[in-house]
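Participant: Quick one, what's the 3D model for this:
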Amino acid sequence: MTMPVAWADPSPSGASPGPPSPGPPSPGRPSPGPLTPPSGPVPAIGRAWPVGDRPPVLRGWEPPATVYGRGHRGVDLAAASGAPVRAVAAGRVSFAGRVAGRGVVSVELAGTDLRTTYEPVAATVRKGDEVAAGEQVGTVQPSGSHCATTCVHWGLRRNEAYLDPLSLLPPWLLRRGPSRLLPVLGVPLP
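Facilitator: This is a model prediction of the structure:
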């Protein structure tokens, strides 16, 4: 059995300053020591926010330093109950059902080894369905969230490692406000 992990680079040099592993792991359990980085960068293939248009991030990604450490393995996005939840990128639904009493939808992203998760969601898709970027996969459930207000928890995994889901979004989706043209000063007119 493998346990999910999250990758963090807490030091400027990239060295993992976490405590040394307390010895060999017990059978079937990984060592709770420092994490190793997942392979490769996350491609910015997202083409839509999961909910709304640039929703407020209520709580950001906070990777734990160890497998069992404290952290927040995704981001919480403000969303109204019943709001549509969309796939951020094209892929195939790998799970649509309930986990620990919450509705969850997971999408394996096309051409990658990445998987996104959305919860609490009342699924409108089934396992095996192909989805396009921006296609609705469910609606926000009014309860089951760990937020103080209604929200969607959006996660990203590569194999068993948790990653920052905001890294899927290209800069043009992350920016706030419209583009603006600025005056050019000191240039002679033709």
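Participant: buried ones in stretch 117-130?
Facilitator: 117-121, 123, 125, 129 (16 or more other CB atoms under 10 Å). The C-beta positions use only the backbone N, C-alpha and C, and glycine is treated the same way.
Participant: ok, now stretch 81-90?
Facilitator: With burial defined by 16+ other CB under 10 Å, the residues of stretch 81-90 counted as buried are 83-90.
Participant: Closest one to Leu181 out of the buried residues of stretch 117-130, please.
Facilitator: Checking those against Leu181 with CB to CB, the nearest one is Tyr118 at 36.8 Å.
Participant: host element of the closest one?
Facilitator: Tyr118 is part of strand 114-119, with elements assigned from DSSP states H and E.
Participant: Give me the sheet partners of that strand and which way each runs.
Facilitator: Strand pairing for strand 114-119, using DSSP bridges, gives strand 102-109 (antiparallel), strand 151-158 (antiparallel).
Participant: can I get those strands in TSV with mean neighbour count?
Facilitator: As requested, the strands paired with strand 114-119 are exported to TSV (neighbours: other CB atoms under 10 Å):
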stretch	mean neighbour count
strand 102-109	21
strand 151-158	23
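Participant: Include mean pLDDT when you put these into CSV, please.
Facilitator: Converted to CSV, those look like this (pLDDT from 0 to 100):
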stretch, mean pLDDT
strand 102-109, 97
strand 151-158, 95
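Participant: For Trp49, find the nearest of those.
Facilitator: Across the strands paired with strand 114-119, closest to Trp49 is strand 151-158 (CB to CB), at 8.9 Å.
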